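Engineer: With the input below, show me the fold.
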Amino acid sequence: MEIDKKIKQIREAKGMTAKEVVSAIDMGPAMYSRIETGKTEPSLSTLEKIAKALGVRLSDFFNADDQLTEVNSYDSSLMEKVKIIEALSDEEKKTVFSIVDAFVGKKKLKVALSNVLQEVQ
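Structural biologist: A predicted model of the protein is given here:
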C-alpha cells in the first residue's frame with residue numbers, strides 16, 4: 001500500500017479529521033491534502049510529525065499488508081467495544097450513552113471547577 005493511502009487509512013481508523021492532523025503538525029491544509037492524495041511525497045520529518053499526530057509509529061506507514069494492523073491496543077479495544085454497542089438494541093444504546101454522558105459531564109464539571117479554583121487563588 002502506498003504511504004498516502006496508509007496515512008489516510010490510519011487517520012480514518014483513529015476517527016480523526018484531516019483538519020485535526022493539520023493543526024497538530026502545523027502544516028497548511030492544501031499541503032496535507034496533497035500528501036494524502038499522493039500528489040506529493042512527504043519528507044521523513046513530515047512523516048514523523050504525521051505519525052506523532054496520529055499516535056502511531058513511523059514504521060506503521062510502511063507495513064506491506066493492506067489491512068490496518070492494530071493501531072494500538074487501546075484503540076483496538078475501544079473499536080471492539082464500539083462494535084458491540086452498535087449491535088445493542090436502541091434502548092440498550094440509550095442506556096450506554098446516558099452512562100457515558102454522565103461520566104463526560106462529571107469530568108467537564110471537575111475541569112471547570114478546577115479552573116475556577118485556580119483563578120480564585
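
Engineer: Show me the helices in this protein, by range?
Structural biologist: Using DSSP state H, the helices of the chain run over 3-13, 18-25, 29-36, 44-54, 73-86, 90-120.

Engineer: Would you mind listing the buried residues in stretch 14-23?
Structural biologist: K14, A18, V21, V22 (16 or more other C-beta atoms under 10 Å). Any C-beta I mention is one placed from the backbone N, CA and C, and that applies to glycine too.

Engineer: Can you tell me which of these is closest to F103?
Structural biologist: Nearest to F103 out of the buried residues of stretch 14-23 is K14 (C-beta to C-beta; 21.4 Å).

Engineer: Now the closest one. Its backbone dihedrals?
Structural biologist: For K14, the backbone dihedrals (degrees, to the nearest 10) come out as phi -80, psi -10.

Engineer: ok, and the closest non-adjacent residue to it?
Structural biologist: L54 (5.8 Å; C-beta to C-beta, 6 or more residues apart in numbering).

Engineer: Measure how buried that neighbour is and give me the count.
Structural biologist: By other C-beta atoms under 10 Å, 21 other residues sit near L54.

Engineer: Relative to F97, how far out is I84?
Structural biologist: Using C-beta to C-beta, to the nearest Å, I84 is found at 14 Å from F97.

Engineer: For the most centrally placed residue in the chain, report the pLDDT, please.
Structural biologist: By C-alpha atoms, centre = their mean, the chain has its centre lying nearest to K14, at 3.4 Å. Per-residue pLDDT puts K14 at 89.

Engineer: Check the one 10 residues further on too.
Structural biologist: According to the model's per-residue confidence, A24 sits at a pLDDT of 91.

Engineer: Run through the residues that contact it.
Structural biologist: By C-beta atoms under 8 Å, 6 or more residues apart in numbering, the contact list for A24 reads K49, K52, A53.
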